[in-house]
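Undergrad: Need coordinates for the below:
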Amino acid sequence: MAKIETPSPALFPILEQDFPQKRLGPLARTAAQAPLDSTGCLTEYRPLASRSILSKTTSKRGLPFTHAINPYRGCEFACRYCYARYTHEFMDMRNPEDFERKIYFKQNAGWLLAQELKRLKPGTEIALGTATDPYQPLERKQEVTRSLLEAFAHESGFRLGIITKSTLIARDIELLKEIDTRHKLTVHITVTTMSTKLARVLEPRAPRPDLRINTVAALRQAGLRAGVLCSPLMPGITDSRSSIAAVAKAASQAGACFMGAGALFLKPCSQPTFLSFVREHFPAQLAAYEQRYGKSAFVSPEYRKRISDLVDAIRREYKLGIRYGGDADSSAGTERPATVELQPWLPFT
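TA: Coordinates of the predicted model:
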């Protein structure tokens, strides 16, 4: 009798997912067919074929940019509060953990961007890293973000903003300096808390807060416009004056040009992950969070006003400018409010 061979078990069975082809949309089908490039600790990395790298943003909340770039789908930093987890649902992945365990890198990103930039008007405002961190660990190997920066280095006249938690951006300082001579560049380093203990459980695989502050200092020493985003501000966890002031003080000492902050925005797809974190580490706050975010992903206007006033006062105290102002202290300016929340506007291609 012939021996019947059974399939070998998957290396990471927890990451397995069935993709019924007849029900998949184009993006989900492309993701399902992406070959395995490499693996990390409970993490898969796969290439993703893309026809475009530049997305036009749509929002009713007055965003300061019109286009966005996200070189990766999913983010290994695994921040408990991340609002972008829902973007994996576009690939028919409903498990929130898929967002941090199944990472896709976009192929031919630099070439695609070079073609798309030629069609944009001078002065177009572009944000890099609006949904997933462009300098997450996979960037060390794939250099997708670097290929995008190289494309910018061959063009001129755009307004470019970069958002990251990673110290890896320091690798590209010389390239960023070249870009800064051709475009109006601003780098935003997110520092949610200066508490290393809290950051370790809140943002498990992101660099320590002090290392991020050191990165701000390195960017400023290179003559680049860089500042800190103290976001998100989580009620009862990171929204106290002492917590915000600690970030502001560190930012000021690093020579940051500005500080911005915004209250936690909690989409339904992110609630299980975040509330599990609250249940484990801040159980006394659980009922308040369930009530506050039970009917809306947004905080109340009253809370938003109160926290905005607090941030503004702390920003002035430490002589930090506003996020979209100039390098000098802008405490008397009225260009834009210091508190700007990142919202679910992102078109994730």
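
Undergrad: quick one, phi/psi of residue 210?
TA: Taking degrees, to the nearest 10, you get phi -70, psi -30 for the backbone angles of residue 210.

Undergrad: Give me the neighbour count for it.
TA: Neighbourhood size, residue 210 [other C-beta atoms under 10 Å]: 13. Every C-beta, even on glycine, is put in place using the N, C-alpha and C of the backbone.

Undergrad: Now do the strands in the protein.
TA: 38-40, 43-48, 54-56, 67-69, 72-73, 102-106, 125-128, 159-164, 184-190, 226-229, 259-260 (DSSP state E).

Undergrad: any chance of those strands in JSON lines, plus distance to residue 280 and mean pLDDT?
TA: Listed next are the strands of the chain as JSON lines, based on distance: least, C-beta to C-beta, whole Å; pLDDT from 0 to 100:
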{"stretch": "strand 38-40", "distance to residue 280": "24", "mean pLDDT": "68"}
{"stretch": "strand 43-48", "distance to residue 280": "22", "mean pLDDT": "92"}
{"stretch": "strand 54-56", "distance to residue 280": "35", "mean pLDDT": "89"}
{"stretch": "strand 67-69", "distance to residue 280": "33", "mean pLDDT": "94"}
{"stretch": "strand 72-73", "distance to residue 280": "28", "mean pLDDT": "94"}
{"stretch": "strand 102-106", "distance to residue 280": "24", "mean pLDDT": "93"}
{"stretch": "strand 125-128", "distance to residue 280": "33", "mean pLDDT": "96"}
{"stretch": "strand 159-164", "distance to residue 280": "27", "mean pLDDT": "97"}
{"stretch": "strand 184-190", "distance to residue 280": "23", "mean pLDDT": "98"}
{"stretch": "strand 226-229", "distance to residue 280": "25", "mean pLDDT": "98"}
{"stretch": "strand 259-260", "distance to residue 280": "29", "mean pLDDT": "96"}
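
Undergrad: Which one of the ones you listed lies nearest to residue 247?
TA: Taking C-beta to C-beta, strand 226-229 is the member of those nearest to residue 247, at 6.4 Å.

Undergrad: thinking again about what came up before, would you list the strands of the chain in CSV and tack on distance to residue 204 and mean neighbour count?
TA: Below are those laid out as CSV (distance: least, C-beta to C-beta, whole Å; neighbours: other C-beta atoms under 10 Å):
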stretch, distance to residue 204, mean neighbour count
strand 38-40, 13, 13
strand 43-48, 12, 19
strand 54-56, 28, 17
strand 67-69, 25, 24
strand 72-73, 17, 26
strand 102-106, 15, 24
strand 125-128, 23, 22
strand 159-164, 17, 22
strand 184-190, 15, 22
strand 226-229, 19, 26
strand 259-260, 24, 26
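
Undergrad: Those: which one's closest to residue 286?
TA: When these are compared by C-beta to C-beta, strand 184-190 sits nearest residue 286, at 24.8 Å.

Undergrad: Could you provide the strands of the chain in JSON lines, with additional columns for distance to residue 318?
TA: Shown next, in JSON lines, are the strands of the chain (distance: least, C-beta to C-beta, whole Å):
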{"stretch": "strand 38-40", "distance to residue 318": "38"}
{"stretch": "strand 43-48", "distance to residue 318": "38"}
{"stretch": "strand 54-56", "distance to residue 318": "35"}
{"stretch": "strand 67-69", "distance to residue 318": "30"}
{"stretch": "strand 72-73", "distance to residue 318": "33"}
{"stretch": "strand 102-106", "distance to residue 318": "36"}
{"stretch": "strand 125-128", "distance to residue 318": "25"}
{"stretch": "strand 159-164", "distance to residue 318": "21"}
{"stretch": "strand 184-190", "distance to residue 318": "16"}
{"stretch": "strand 226-229", "distance to residue 318": "10"}
{"stretch": "strand 259-260", "distance to residue 318": "8"}
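
Undergrad: Can you name the residues that contact residue 199?
TA: Applying C-beta atoms under 8 Å, 6 or more residues apart in numbering, one finds that residue 199 lies in contact with 192, 193, 206, 208, 209.

Undergrad: By neighbour count, which of those residues wins?
TA: Using other C-beta under 10 Å as the neighbour test, the contacts of residue 199 are led by residue 192, with 27 neighbours.

Undergrad: wait, doesn't that residue sit right on residue 228?
TA: No: using C-beta atoms under 8 Å, residue 192 makes no contact with residue 228, being 10.0 Å away.

Undergrad: the helices in the protein, which residues?
TA: Listed in chain order, the helices of the chain (DSSP state H) span 26-33, 98-101, 109-117, 139-142, 144-152, 173-180, 196-202, 209-221, 241-253, 271-281, 286-292, 301-317.

Undergrad: got CSV for the ones you listed, with mean pLDDT and distance to residue 72 too?
TA: Compiled in CSV, the helices of the chain are given as follows (pLDDT from 0 to 100; distance: least, C-beta to C-beta, whole Å):
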stretch, mean pLDDT, distance to residue 72
helix 26-33, 69, 13
helix 98-101, 90, 11
helix 109-117, 97, 9
helix 139-142, 96, 8
helix 144-152, 98, 7
helix 173-180, 98, 19
helix 196-202, 98, 21
helix 209-221, 98, 19
helix 241-253, 98, 26
helix 271-281, 96, 19
helix 286-292, 95, 29
helix 301-317, 97, 29
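
Undergrad: Identify whichever of these lies nearest to residue 128.
TA: By C-beta to C-beta (comparing all of the helices of the chain), the closest turns out to be helix 144-152, at 6.8 Å.
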